[in-house]
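Participant: dropping the sequence and predicted coords here.
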Amino acid sequence: MALVHGKNTVVLIDAVDISTYVKKSEFSREIDEHDVTTYGRNSHVVRGGLLGGKFTMDGVYDSTAVSGPRAKLNALINAGVNVTLIRRPEGTGSGKPEDEVSVLVKSYVETNPVDDFVAWSCECTLAGDVDSTAQS
């Protein structure tokens, strides 16, 4: 079994690499579930529908970053447009996996705890098919 360390993950949003600001990310995919159960059944019968999902990420706020998450993600929230998200869970390199998908930046949150560093988080909604291919 070949284990992969999360520190190598690369995240690009709208062609901007924000990996150095991200501490944790999660890529989830799901499918709509439709109940098609009819009379005479003892159990539910379900069928799949449309695909969907979300991408979340968070990190520690960086006050020197004029082009970091605060600037980039706030601009995308204000624009309300879909942009390209590229996620490389094993880092950049030929043959390594890559997920590319259009997303809507749904939320950007800054958290200011009294006893810790300022942090940020972001949630994106997947807005199309995910292209999961190996990098060339």
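Facilitator: Yes, it's here.
Participant: how far does the one helix or strand Phe55 maps to sit from its chain's centre?
Facilitator: Using DSSP states H and E, Phe55 sits within strand 46-60. The chain centre lies 8 Å from the centre of strand 46-60; the measure is C-alpha atoms, centre = their mean, to the nearest Å.
Participant: can you give me every residue that contacts the residue nearest to Glu33 when sequence neighbours are not counted?
Facilitator: Nearest non-adjacent residue to Glu33, counting by C-beta to C-beta, 6 or more residues apart in numbering: Val46, 5.2 Å away. Every residue, glycine included, has its C-beta placed from N, CA and C. Counting by C-beta atoms under 8 Å, 6 or more residues apart in numbering, Val46 touches Glu33, His34, Asp35, Val36, Thr37.
Participant: going by distance to Ile13, which of these wins?
Facilitator: Nearest to Ile13 out of the contacts of Val46 is Glu33 (C-beta to C-beta; 29.2 Å).
Participant: was I right about that closest one contacting Gly49?
Facilitator: Yes: using C-beta atoms under 8 Å, Glu33 makes contact with Gly49 at a distance of 7.0 Å.
Participant: now do the SS call for the most far-flung residue of the chain relative to its centre.
Facilitator: The centre of the chain is farthest from one residue, Gly40, which by C-alpha atoms, centre = their mean lies 42.3 Å away. State at Gly40, reduced to three classes by DSSP: H, G, I helix; E, B strand; the rest coil: coil.
Participant: against Glu33, how distant is it?
Facilitator: In this view, Gly40 and Glu33 are 21 Å apart by C-beta to C-beta, to the nearest Å.
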